[in-house]
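Peer 1: mind looking at a prediction? Sequence and model below.
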Amino acid sequence: MSIIFGPIKSRRFGESLGVDLSPSIKQCNYDCLYCELEGKKAIDTMTEVLSVEFILHEIEVALKRFHNIDSITITANGEPTMYPYLYELMLRLEDIKGDKKTLLLSNGALLHDVSVARACMLFDKVKFSLDAITPSVFKKIDRPSKDISLDKILAGLYEFCRDYSGELYAEILFVKGVNDSIDEVKKMARFLAPMNLMRLDISTIDRPPAYKVEPIDCERLEEFGRIFSEYGINVLIPKRTKSDERLNLSLSKDEIIKLLSLRPLSEDEVSMRFSKDSIEALEELTKEGVIKLRENSGVKFYEV
């Protein structure tokens, strides 16, 4: 399966070309309740590792095909900082990326590791997630591997923030009845306030999650936004909107499967992003049972 997916029109980072460092299986040190990927026990080490040469070749081919890319987003069917050759990959990516920005989407769990932090320093933009400060809440929502230490994570985030010269972003996803207490929100706000964040994105469950959990309501999310703002944090609450811009992406069936396996798309998103041929291919995959149409919070999503 290809490691390239998209391009995806990100509400926060523009036209994004996704690069999946773990295309065959989920390899992650978390098993988050809200994950869009299928649930799987957290692990500490990747067992399937792609070569740097293969990854660079796939990116180079994709950049020649898609010309209006704003960012090359390094992510994974799991956690990208678990990839053991990330430093080499980022050094060599500089030679082919041109004026494109590099973006890392990470859970932040390994930034305390010097070798991981060194690789992450090479990104133009880094976005980490923080779903809890209290250990019991952290274990419940992120379901980390047994070797993960919350104390090390929090210390590592501070150290990385101190040394990193690129654009730093944070994200919190709230799950009803899990990490949505006012006390927990204030703890997270106090932790993030000293950091030099470009922005904090807060959200709730939007796309179909791995486990049966529920989103918080919009009013509650707005209340949390005000709390973070009171601590001097630039906070954004993304809202689902219809775009007037049609991307007209022409994707093969394999590319559609790859994209939807990592990011379910709503019916509106498909109609605005896919070409006529791609929509027909999607409909065929749906009839064949390869793609499913699933409703979440009143919105229907295509997913694998």
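Peer 2: That came in fine, so what should we check first?
Peer 1: now do the residue nearest to the spatial centre of the chain, the pLDDT please.
Peer 2: Computing the C-alpha centroid of the chain and ranking residues by C-alpha atoms, centre = their mean puts residue 105 first, at 5.0 Å. pLDDT for residue 105: 96.
Peer 1: once you drop chain neighbours, what's closest to it?
Peer 2: Closest residue to residue 105 apart from its sequence neighbours, by C-beta to C-beta, 6 or more residues apart in numbering: residue 75 at 4.6 Å. Bear in mind the C-beta positions are built from the backbone N, C-alpha and C, glycine included.
Peer 1: swap in residue 251?
Peer 2: residue 278 (4.8 Å).
Peer 1: that neighbour: which element?
Peer 2: Using DSSP states H and E, residue 278 falls within helix 276-287.
Peer 1: before we move on, the earlier item: for residue 303, see how far away the residue nearest to residue 251 is.
Peer 2: Residue 278 sits at a distance of 16 Å from residue 303 (criterion: C-beta to C-beta, to the nearest Å).
Peer 1: equivalent analysis for residue 142, please.
Peer 2: Applying C-beta to C-beta, the value for residue 142 to residue 303 is 22 Å.
Peer 1: who has more neighbours out of the two?
Peer 2: Comparing residue 142 with residue 303 by neighbour count (other C-beta atoms under 10 Å), the higher total belongs to residue 142, at 26 against 18.
Peer 1: the nearest residue to the more buried one once chain neighbours are set aside: how many residues sit nearby?
Peer 2: Leaving out its chain neighbours, the residue that sits closest to residue 142 by C-beta to C-beta, 6+ apart is residue 30, at 4.7 Å. Neighbour count for residue 30, taken as other C-beta under 10 Å: 21.
Peer 1: I'd assumed residue 110 was in contact with residue 30.
Peer 2: No - with contact defined as C-beta atoms under 8 Å, residue 30 does not count as touching residue 110 (10.9 Å).
Peer 1: what residues are shared contacts of these two?
Peer 2: Listed as contacting both residue 30 and residue 110 by C-beta atoms under 8 Å, 6 or more residues apart in numbering are residue 79.
Peer 1: circling back: just the buried residues of the helix holding residue 278, please?
Peer 2: Neighbour counts over helix 276-287 (16 or more other C-beta atoms under 10 Å) mark 278, 281-282, 285 as buried.
Peer 1: for the helix or strand containing residue 259, buried residues please.
Peer 2: Assigned by DSSP H and E, residue 259 belongs to helix 253-262. Neighbour counts over helix 253-262 (16+ other C-beta under 10 Å) mark 255-262 as buried.
Peer 1: same check, this time on stretch 188-201
Peer 2: So stretch 188-201, judged by 16+ other C-beta under 10 Å, has buried residues 188-189, 191-192, 195, 197, 200-201.
Peer 1: ok, now stretch 160-167?
Peer 2: Going by neighbour count (16+ other C-beta under 10 Å), the buried part of stretch 160-167 is 160-161, 164, 166-167.
Peer 1: quick one: contacts of that stretch?
Peer 2: Applying C-beta under 8 Å, 6+ apart, the external contacts of stretch 160-167 come out as 111, 117, 120-121, 123-126, 168, 195-198.
Peer 1: just the ones of those residues in helices?
Peer 2: Using DSSP state H, the members of these that fall in helices are 117, 120.
Peer 1: make a markdown table out of the contacts of stretch 160-167 and add pLDDT and distance to residue 66.
Peer 2: Formatted as a markdown table, these follow (pLDDT from 0 to 100; distance: C-beta to C-beta, whole Å):
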| residue | pLDDT | distance to residue 66 |
| --- | --- | --- |
| 111 | 97 | 30 |
| 117 | 97 | 30 |
| 120 | 98 | 25 |
| 121 | 97 | 27 |
| 123 | 97 | 20 |
| 124 | 96 | 18 |
| 125 | 96 | 19 |
| 126 | 97 | 23 |
| 168 | 96 | 26 |
| 195 | 94 | 33 |
| 196 | 90 | 32 |
| 197 | 95 | 29 |
| 198 | 94 | 25 |
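Peer 1: part of a helix, is residue 212?
Peer 2: No - remark: residue 212 does not belong to a helix; assigned using DSSP: H, G, I helix; E, B strand; the rest coil, it is coil.
Peer 1: quick one: it from residue 24, how far?
Peer 2: Taking C-beta to C-beta, one finds residue 212 at 26 Å from residue 24.
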